[in-house]
Every structure is written in C-alpha cells, then in structure tokens.
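Asks: what's the 3D shape of this:
(one chain, ligands or ions: 2)
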Amino acid sequence: MFPFEIHSHTSQHSKCSGMPAEELIERCVDLQIAGLVVTDHHYQWPQGELDALAQSIAGNGLVVLSAYEVTTLDPKTDTHAGDILVYDWPEDEPPLPIWTPYEEACARIREIGALGISAHPYREGMGAGDLVYEMDIDGIEIFNQNHAQAHVNQARAAVARRGFLGVAGSDAHHRMQVGQFYTVFEQPVQTIAEFVTELRERRFVIQSNRPDIS
Ligand SMILES: [Zn+2]
Ligand SMILES: [Zn+2]
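Replies: Ligands and ions are numbered 1, 2, ... in the order given. Alright, predicted model coming up:
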C-alpha cells in the first residue's frame, strides 16, 4: 500500500504554517510514507522545485507533488464558503485567488480538468457545511485535523448521499501535525496526473492514525 499525506502547508508560502518544506519532507521520510502533496494557500509550487528539494532530502524515497488550496466565498451571504483543494491544476495557469465565489471556483476547476476536494467541510465556521450538497465538486475530506468525530460523521453522510470521493488529509501546518491521516493508494503514484486518476478510479482507502477519530 502507498500512503500519502495529501494536505500540507509550508512556511515558505503559507503565512499560517510554521514548517518549512524541508522539515515537512524530512518528517514524511521519517514516517516512511510513499508520498506528500503540498497544498499551500493560493500558491502552487513549481513541480520542478519540489522535485529538486525532494531529491536533495529524500533521494528517490518520497514522491512530493504540488497542488494548492483556495478559500471561497458564498456571494449570497458574503461569508466563507469553505476551502477547496485543487489537484492537477496546470502550472502555467495562476491559482484561483482568495475569495473566489465557490460556483466560479468549481466551474473553473471542471473546465480546466483539475480535481476539486472540499477541505474540512464541517469545520466550525470555516467549512462549506451542507453547501457541499450543492457544490459541483469531486470530493470532500472525511478526515482532517479540524474535524471532530461528529464532523467526520457528517462528512461520511455527505459522501454516501452525494457519491463524493471521501479522502483524508492532515492539513499539517506544523511538524507534529504531519501524518495524522493518510489517503492510501493501491498502486504507486509518481505524478499529480496519476494521483488524480487513482482518486477518480477510487483505488484508495483512508486511514486515521488518531485514536480519537475513526
Ligand atoms: Zn493554513
Ligand atoms: Zn489547508
């Protein structure tokens, strides 16, 4: 099996993170997982830069992929409509900016052929909540460090009812937050395109490493 940490932030490009990419990569090597996806806020690392960093720290021991996370707006209420993780967004296309209206964000993600996952939808005050039922997205996070067990249960219900992909990511901003939750693939994943294919084909399971969350 091939465990991936698919939601993580670096201090180079996320102000809220206390962890440089180097430390994040080192931690993943220590955890002996197969891969890592860096998902900074409104910033997508050039893949070549991450490849070079991964190579210098981990040799060929860890796959490190680039994606990003966008904070969206609900224009009807002028409030936060949750964050969307965007995977396989083209490198020559600027990432969607903060406060993109969620319908527009979902439409752009579709149009461009990327994969959209609502991050921690049931996080208090900072998730999409039941708006996910109306969103044209591919999946939602079930496990995330900002989901208590009750939120996990709500996310599982949405996955069951809407047929979403239900994934798991730690949303790690600090070293000790890495590796709480994994999305585990059946076969090796080397590129962001393969990553998205394996998700779309549902060849994965999710794993909680926290005793309080299942
Ligand atoms: Zn953050
Ligand atoms: Zn995040």
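Asks: With residue 213 as the reference, measure out to the residue of the chain found nearest ligand 1.
Replies: Scanning the chain for the residue nearest ligand 1 gives residue 16, at 3.5 Å (criterion: C-beta to the ion). Using the backbone N, CA and C atoms, a C-beta is placed for each residue, glycine as well. Computed with C-beta to C-beta, to the nearest Å, the distance linking residue 16 and residue 213 is 22 Å.
Asks: count of neighbours near residue 143?
Replies: Residue 143: 28 surrounding residues under other C-beta atoms under 10 Å.
Asks: typed the wrong thing, it's residue 131
Replies: Counted with other C-beta under 10 Å, residues neighbouring residue 131 total 17.
Asks: Kindly provide the whole-number mean pLDDT of the lengthiest strand in the chain.
Replies: The longest strand of the chain (DSSP state E) is strand 63-74. In this model, strand 63-74 has a mean pLDDT of 98.
Asks: That strand: which residues count as buried?
Replies: 63-74 (16 or more other C-beta atoms under 10 Å).
Asks: ok, and the closest non-adjacent residue to residue 80?
Replies: Nearest residue to residue 80 in three dimensions, chain neighbours excluded: residue 126, at 6.1 Å (C-beta to C-beta, 6 or more residues apart in numbering).
Asks: Wait, a helix at that neighbour?
Replies: No. Assignment of residue 126 by DSSP: H, G, I helix; E, B strand; the rest coil gives coil, placing it outside any helix.
Asks: quick one: it and residue 152, what's the gap?
Replies: For residue 126, the distance to residue 152 equals 16 Å [C-beta to C-beta].
Asks: With neighbour numbers in mind, choose between the two.
Replies: More crowded of residue 126 and residue 152, by other C-beta under 10 Å: residue 152, with 20 against 15.
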